[in-house]
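1. Sharing a model that was predicted from the sequence below.
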Amino acid sequence: MPEGGASISKTAHEASRTEHKTSDAAHEASDTAHEAAAGTERSDRTPHRRTGLLVTFLLGSLTAVPPLAMDMYLPALPEVTRALHAPAATVQLTLTTCLAGMALGQLVVGPMSDRWGRRRPLLAGLAVFVVATVLCALAPTVELLVAFRLAQGLAGAAAIVIARAVVRDLYDGMAMARFFSTLMLISGVAPVVAPLIGGQVLRVTDWRGVFAVLTVIGVLIGLLVWARLPETLAPAERHSGGVGEALRSMRGLLADRSFTGYTLAGGFAFASLFAYISASPFVVQEIYGASPQTFSLLFGVNSVGLVLVGQINGKILVGRVSLDRVLGIGLAIVITAATALLLMSLGVFGEVGLVPVAAALFVLMSAMGITLPNTQALALMRTKQAAGSASALLGAFSFLIGAIASPLVGIAGEDTALPMAVVQLAAALVALACFMGMCRPWKKESSRPSVEGAVS
């Protein structure tokens, strides 16, 4: 064969081999994608296969620590004002300081968990939480109670921030969104049960007994974490840097406009929720004359609505409807319910009883079932590295904004629901503005139907 023909044949042969390699690589990539999709589908539908049912329940219990610390105590707020001879606004500071402690604690514990793993900071935080809760039960004055509640919040922050970071360690994309909804089913039981427990405890003892029960719950959760929760952050994935690296990581996260938008939207939505949590004991019991047990029942019903809507979100909406679209609908419902409460508080509909107010609060609470888990999932999808720091920022913004909202609802005293409605509506409107202005969901809608993966 002539030399040129041999050269052409050799070139063609090499091209053929390259084509076969490319084809093989494509097939391997396709197989990997199918396996990943199957794995994602399995984890979407049955996340317990990856984490274990007990660990899933334990993660839900950890996310339930803040509502337990808050909601069990709610029916006792009027009694605390009488027992410690303190005004309602001062007693509401016991909620504010606990919430502020949880916010600041997350900023510390989140980066710690990125450096030392998830287990050790979590166990240390739960231990301090138990001690602080005991001190709350023994507080002789409202000033000391406020201080001990701050310590309780600082320590309890470890539970929620590390639980979210563990979920981010294990899941991504739609699987993560579904798992957050699963956690809401578990942790959502806490707002249902906690006020009921608190109301029943008040039948046999005073408000200090509520903290005694919280102490027992903290001990049980700590023992379960020590015995059953494995480490989910491998040593190779940990950050060896100190405070400087943690701050740089957080600054990088906040530089992502979408991450910041989802974080702020979730924070202000949580403020609308916390305005309800902080004011509803006085609105329901002092203005409408309901008993602590009736208040606990209404609070439980509202929490059931939140849990059910959260399950609709995870089981039906996620994967079928854009997370951004569902989030927008949730915020619109919150705004509608808050507007109705404001109009009722202003007397636009005349003299209204407890039933219409309770109905509007039920709608507002239920809408949180599609608002809060989706803001968390959408924000955490923006990062795979430094999940602890990202979780810390999410929680810190939510709890800090909620802490600011808490004293505002009592600014006009105990005889009107108007401040609660104003704070709820204002917070929901700001949440919608942050979501629309910073996340720009319409651009995502034009390019793809839903958010399907993480952005590193």
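-> It's in. None of these values were measured; they are calculated from a predicted model.

2. Now do Asp256 against Ala379, distance only.
-> 9 Å (Cβ to Cβ, to the nearest Å). C-beta: built from backbone N, CA, C; applies to glycine.

3. neighbour-wise, which of the two wins?
-> Ala379 (27 against 17; other Cβ atoms under 10 Å).

4. Identify the residues contacting that one.
-> Ala379 sits next to 259, 262-263, 266, 390, 394 when contact means Cβ atoms under 8 Å, 6 or more residues apart in numbering.

5. list the buried ones in stretch 218-235?
-> Within stretch 218-235, the residues that qualify as buried are 218, 221-222, 224-225, 229, 232-233, counting by 16 or more other Cβ atoms under 10 Å.

6. of these, closest to Val284?
-> Ranked by distance to Val284 (Cβ to Cβ), these are led by Gly218 at 27.5 Å.

7. residues touching the closest one, list them.
-> Gly218 neighbours (Cβ under 8 Å, 6+ apart): 65, 126, 129-130, 133.

8. how does the protein divide into domains?
-> 52-233, 241-440 (the TED database).

9. distance between the shortest one and the chain's centre?
-> Pointing back at domain 52-233 there. Here domain 52-233 shows a centroid-to-chain-centroid distance of 12 Å under the convention Cα atoms, centre = their mean, to the nearest Å.

10. now do stretch 264-284
-> 13 Å.

11. mind listing the helices for the stretch 151-300 of the chain?
-> 173-187, 189-204, 207-228, 243-255, 257-282, 292-312 (DSSP state H, counting those that start in this stretch).

12. I'd like the ones you listed laid out as TSV, including mean pLDDT.
-> Converted to TSV, those look like this (pLDDT from 0 to 100):
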stretch	mean pLDDT
helix 173-187	77
helix 189-204	79
helix 207-228	93
helix 243-255	79
helix 257-282	89
helix 292-312	84
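
13. So which of those helices is the most surrounded?
-> Highest mean neighbour count among those (mean count of other Cβ atoms under 10 Å): helix 257-282, with a mean of 25.

14. Which strands or helices does that helix pack on?
-> Where contact means 3 or more Cβ pairs under 8 Å, 6 or more residues apart in numbering; DSSP states H and E, helix 257-282 is packed against helix 77-83, helix 88-116, helix 243-255, helix 292-312, helix 323-345, helix 354-380, helix 387-408, helix 418-434.

15. Deepest in the core, which of these is it.
-> When you average the neighbours per residue for each of those (mean count of other Cβ under 10 Å), helix 387-408 leads with a mean of 26.

16. Quick check, Met112 in contact with Leu123.
-> No - distance between Met112 and Leu123: 12.0 Å, which falls outside the contact criterion (Cβ atoms under 8 Å).

17. I'd like to know how far the closest residue in space to Leu122 that isn't next to it in sequence sits from Leu58.
-> Once flanking residues are discounted, Leu122 sits nearest to Ile162: 4.6 Å by Cβ to Cβ, 6 or more residues apart in numbering. Going from Ile162 to Leu58 by Cβ to Cβ gives 11 Å.

18. More neighbours: which of those two?
-> Ile162 (35 against 20).

19. contacting residues around that one?
-> Contacts of Ile162 (Cβ under 8 Å, 6+ apart): 62, 109-110, 113, 118, 121-122, 125, 388, 391.

20. switch to 10 Å and redo it
-> Counting by Cβ atoms under 10 Å, 6 or more residues apart in numbering, Ile162 touches 59, 62-63, 106, 109-110, 112-113, 117-119, 121-123, 125-126, 169, 225, 229, 232-233, 387-388, 391-392.

21. With Ala332 instead?
-> Going by Cβ under 10 Å, 6+ apart, Ala332 touches 367, 371, 428, 432.

22. Which pLDDT value goes with the third one?
-> Predicted confidence (pLDDT) for Ala428: 96.

23. same question, the second one
-> On the pLDDT scale, Thr371 is placed at 93.

24. Do I have it right that it meets Ala428?
-> Yes - Thr371 is within contact range of Ala428, at 9.2 Å (criterion: Cβ atoms under 10 Å).

25. Spit out the residues that contact those two alike.
-> 265, 269, 272-273, 330-334.

26. so can I have a markdown table of those residues showing distance to Glu237?
-> Shown next, in a markdown table, are those (distance: Cβ to Cβ, whole Å):
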| residue | distance to Glu237 |
| --- | --- |
| Ala265 | 29 |
| Ala269 | 31 |
| Ser272 | 36 |
| Leu273 | 33 |
| Gly330 | 33 |
| Leu331 | 34 |
| Ala332 | 39 |
| Ile333 | 39 |
| Val334 | 37 |
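
27. Among those residues, which pair sits farthest apart?
-> Across the shared contacts of Thr371 and Ala428 (Cβ to Cβ), the longest gap, 15.7 Å, separates Leu273 and Ala332.

28. show me where pLDDT drops low in the stretch 351-456 of the chain?
-> Scanning the stretch 351-456 of the chain for pLDDT under 70 picks out the ranges 384-385, 411-415, 444-456.

29. mind listing what Val363 touches?
-> Taking Cβ under 10 Å, 6+ apart, one finds 302, 305, 309, 333-334, 336-338, 340-341 in contact with Val363.

30. before we move on, what about Ala338?
-> Listed by Cβ under 10 Å, 6+ apart, the contact partners of Ala338 are 272, 275-276, 360-361, 363-364, 367, 420-429.

31. Could you rerun that using 7 Å?
-> Shown in contact with Ala338 (Cβ atoms under 7 Å, 6 or more residues apart in numbering): 272, 364, 421, 424-425, 428.

32. Distance to Met436 for the residues you listed - can I get that in JSON lines?
-> Output for the contacts of Ala338, formatted as JSON lines (distance: Cβ to Cβ, whole Å):
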{"residue": "Ser272", "distance to Met436": "16"}
{"residue": "Leu364", "distance to Met436": "20"}
{"residue": "Ala421", "distance to Met436": "23"}
{"residue": "Gln424", "distance to Met436": "19"}
{"residue": "Leu425", "distance to Met436": "17"}
{"residue": "Ala428", "distance to Met436": "13"}
